[in-house]
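Undergrad: For reference, the sequence and a predicted model appear below.
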Amino acid sequence: MDLPLQVASLFLIAMPIASIAWTVTHEEVVREFRDYCVRESKTCRRIYERKFFYLFTCEYCFSHYVTAAFLVMTRYKLLFPDWRGYLMAEFSLVWLANVYMGIFGRIRLDLRKERAEIAAEEASAARSH
C-alpha cells in the first residue's frame, strides 16, 4: 500500500475506533455495564480483575483493545510491511482516535453549555413576562 493510502486509512480507521471507545466508556446506552465495571474496578480483590474492569471505563485504555481488534480485522500496517507496521499502526491509531475523542468531547461540552445558557435565558424571559 502506498504512503498516501496508508495515511488516508489511518485517519479513516481511527474514526470507528474512537466511536466504539467513546460509546462504551461514556454513552448512556451502556451505562449499566459501565457502572458495573466502575464498581468492580474498585472492589475486586485481585489487581488483574480490577484492571480488567477498569479497561471498560477509560477511553484511552479501551481504545488500545479496540485498535488491536481493528488491526486483526483490517490487517492494516503503517510504514513497514512486517510486525513493525502493526506496531506503528497500533500506536498511531490509538493516538489519533484519542484526538478525535478529545475533539468530540469538547464539542459535546460546548453544546451542553449552550443548551444550559439557552434554558437559563428562556427561564429568565418567562419570569419577566
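TA: Received the coordinates, thanks.

Undergrad: For the protein, which segments count as helices?
TA: 3-26, 31-43, 47-54, 59-74, 83-128 (DSSP state H).

Undergrad: Which one of those has the poorest average confidence?
TA: Among these, helix 83-128 has the lowest mean pLDDT, at a mean of 91.

Undergrad: what angle separates that helix from helix 3-26?
TA: Here the directions of helix 83-128 and helix 3-26 differ by 50 degrees (axes from the mean of the first three to the mean of the last three Cα atoms, to 10 degrees).

Undergrad: starting at the chain centroid, how far to helix 83-128?
TA: Computed by Cα atoms, centre = their mean, to the nearest Å, the chain-centroid distance of helix 83-128 equals 11 Å.

Undergrad: Stretch 78-92 now?
TA: Stretch 78-92 has its C-alpha centroid displaced from the chain centroid by 20 Å (Cα atoms, centre = their mean).

Undergrad: With stretch 29-42 instead?
TA: That offset, for stretch 29-42, works out to 16 Å (Cα atoms, centre = their mean).

Undergrad: Just the C-alphas of that stretch, formatted as CSV.
TA: Taking C-alpha atoms only, stretch 29-42 is exported to CSV below (Å, rounded to 0.1, in the frame of the first residue of the first chain):
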residue,chain,number,x,y,z
VAL,A,29,-26.7,3.1,26.1
VAL,A,30,-24.1,1.1,28.0
ARG,A,31,-24.3,3.0,31.4
GLU,A,32,-25.4,0.0,33.4
PHE,A,33,-22.4,-2.1,32.1
ARG,A,34,-20.0,0.8,32.7
ASP,A,35,-21.4,1.4,36.2
TYR,A,36,-20.8,-2.3,36.9
CYS,A,37,-17.3,-2.1,35.6
VAL,A,38,-16.5,1.0,37.7
ARG,A,39,-17.8,-0.7,40.8
GLU,A,40,-15.8,-3.9,40.0
SER,A,41,-12.7,-1.9,39.2
LYS,A,42,-12.8,-0.6,42.7
